[in-house]
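Novice: with the input below, show me the fold.
(one chain, ligands or ions: 2)
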Amino acid sequence: MTPPVVLTIAGSDSGGGAGIQADLKTFAALGAFGVSVITAVTAQNTLGVTAIHPIPIDVVAAQLDAVLDDFPLAAVKVGMIGDPAVAELILDRADRLPNLVVDPVLVATSGARLAETASVAPLVAYPCLLTPNRHEAAALVGRVIETAEEMAVAADELVGRGARAVVVTGSEGAVDVLRFDGTTEVLRGEPVRTENNHGSGCTFSSAIAVRLAAGDPVPTAVRNAKSYVTAALLGGRDWRLGDGPGPLDHFVF
Ligand SMILES: Nc1ncnc2c1ncn2[C@@H]1O[C@H](COP(=O)(O)OP(=O)(O)OP(=O)(O)O)[C@@H](O)[C@H]1O
Ligand SMILES: Cc1ncc(COP(=O)(O)O)c(N)n1
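Specialist: Residues are numbered from 1 along each chain as shown. Ligands and ions are numbered 1, 2, ... in the order given. As a prediction, the model looks like this:
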């Protein structure tokens, strides 16, 4: 059977745990055919990021148009975009990008800055499904976010700016807050004790995109994606890949 085609527009992680590599593994694990538009090449491993090379905007646009000219897309995930021009490009082609999920990647788990807040700002006002972690949500609304209540207020504020739905993720505590269609849902997952969480946000947003492509309504897609991330965290809990925070086991099933 022909699988749904899901696109990732994101940066490459040479360490294979986050970015394009995590996205394509997630798509494959969950039954979608992945296509990709690379916005930046990072030299990265589990210990940190040593170089970032943004791809020239005309090459980013050429990749996107090559994909759009030949594939029927069922969903699109956006990750690291180092340049506001990439956000403008996505907005320009948005009517051909269904089920748009935007992970506003700003800082890697290792602490390295991957993008400026201004580079994702144009997309935040578009009716997409936005998946900031607490720190990214804080950067977007301009104040510190700690509690689930503060996550809910921030999610509501971001919906007010134009997002269709917002999930603020809580990392290790496994408490996420979804704001969609006038209601707030607090999702309490199983906290996994692990060092290996590199790429959890990339994996989560990619899994949401696949579930939307499969026809799940937004709240179901988010819950299913969360279950998948928990399973992938549990699967990779005891392996050692690199000396720093390692990747998840995307093929845990
Ligand atoms: N240790 C953990 N145990 C259970 N769930 C976790 C854990 N760490 C992250 N998660 C879940 O993973 C998903 C992704 O959230 P997270 O906050 O880690 O994203 P992120 O910080 O943006 O990740 P990244 O920086 O890798 O993009 C959320 O559903 C979150 O609850
Ligand atoms: C290319 C790229 N995209 C996204 C992330 C965020 O993932 P994490 O916060 O787990 O490092 C990353 N490290 N690298």
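
Novice: ligand 1 versus residue 131, what's the distance?
Specialist: To ligand 1, residue 131 is 7 Å away according to C-beta to the nearest ligand atom, to the nearest Å. Using the backbone N, CA and C atoms, a C-beta is placed for each residue, glycine as well.

Novice: what sits against that residue?
Specialist: Counting by C-beta atoms under 8 Å, 6 or more residues apart in numbering, residue 131 touches 101, 102, 103, 104, 166, 167, 169, 201, 204, 205, 208.

Novice: near ligand 2, which residues of the chain?
Specialist: Within the chain, the positions near ligand 2 by C-beta under 6 Å from any ligand atom are 10-11, 13, 18-19, 42, 44, 79-80, 105, 108-109, 114, 198-199, 201-202.

Novice: any of the residues you listed buried? List them.
Specialist: 10-11, 13, 18-19, 42, 44, 79-80, 105, 108-109, 114, 198-199, 201-202 (16 or more other C-beta atoms under 10 Å).

Novice: give me the subset of these touching ligand 1.
Specialist: 18, 109, 199, 201, 202.

Novice: all helices for this structure, in order.
Specialist: Secondary structure of the chain (DSSP state H): helices at 19-29, 57-68, 84-92, 117-124, 134-141, 148-160, 200-213, 218-235.

Novice: pick out the shakiest of these, pLDDT-wise.
Specialist: Among these, helix 117-124 has the lowest mean pLDDT, at a mean of 90.

Novice: which residues does it contact?
Specialist: Applying C-beta under 8 Å, 6+ apart, the set of residues contacting helix 117-124 from outside is 78, 81-84, 86-88, 90-91, 102, 104-106, 130, 139-140, 158, 161-163.

Novice: kindly report the same for stretch 202-210.
Specialist: Under C-beta under 8 Å, 6+ apart, the answer for stretch 202-210 is 4, 6, 8, 10, 18-19, 22-23, 25-27, 30-32, 75-77, 79, 99, 101-103, 105, 129, 131, 167, 169, 221-222, 224-226, 228-229, 232, 248, 250.

Novice: got the contact list for the closest residue to ligand 1 within the chain?
Specialist: Of all residues in the chain, the one sitting closest to ligand 1 is residue 201 (2.2 Å; C-beta to the nearest ligand atom). Counting by C-beta under 8 Å, 6+ apart, residue 201 makes contact with 18, 103, 105, 131, 133, 169.

Novice: make JSON lines from those residues and add pLDDT to it.
Specialist: Formatted as JSON lines, the contacts of residue 201 follow (pLDDT from 0 to 100):
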{"residue": "18", "pLDDT": "98"}
{"residue": "103", "pLDDT": "97"}
{"residue": "105", "pLDDT": "93"}
{"residue": "131", "pLDDT": "97"}
{"residue": "133", "pLDDT": "94"}
{"residue": "169", "pLDDT": "96"}
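
Novice: so which of those is the closest to ligand 2?
Specialist: Ranked by distance to ligand 2 (C-beta to the nearest ligand atom), the contacts of residue 201 are led by residue 18 at 3.5 Å.

Novice: so that closest one touches residue 198, yeah?
Specialist: Yes: under the criterion of C-beta atoms under 8 Å, residue 18 makes contact with residue 198 at 5.8 Å.

Novice: overlap of the contact sets of those two?
Specialist: Residues touching both residue 18 and residue 198 (C-beta under 8 Å, 6+ apart): residue 247.

Novice: rewinding a little: just the helices of the chain: most buried one?
Specialist: helix 200-213 (a mean of 29; mean count of other C-beta atoms under 10 Å).
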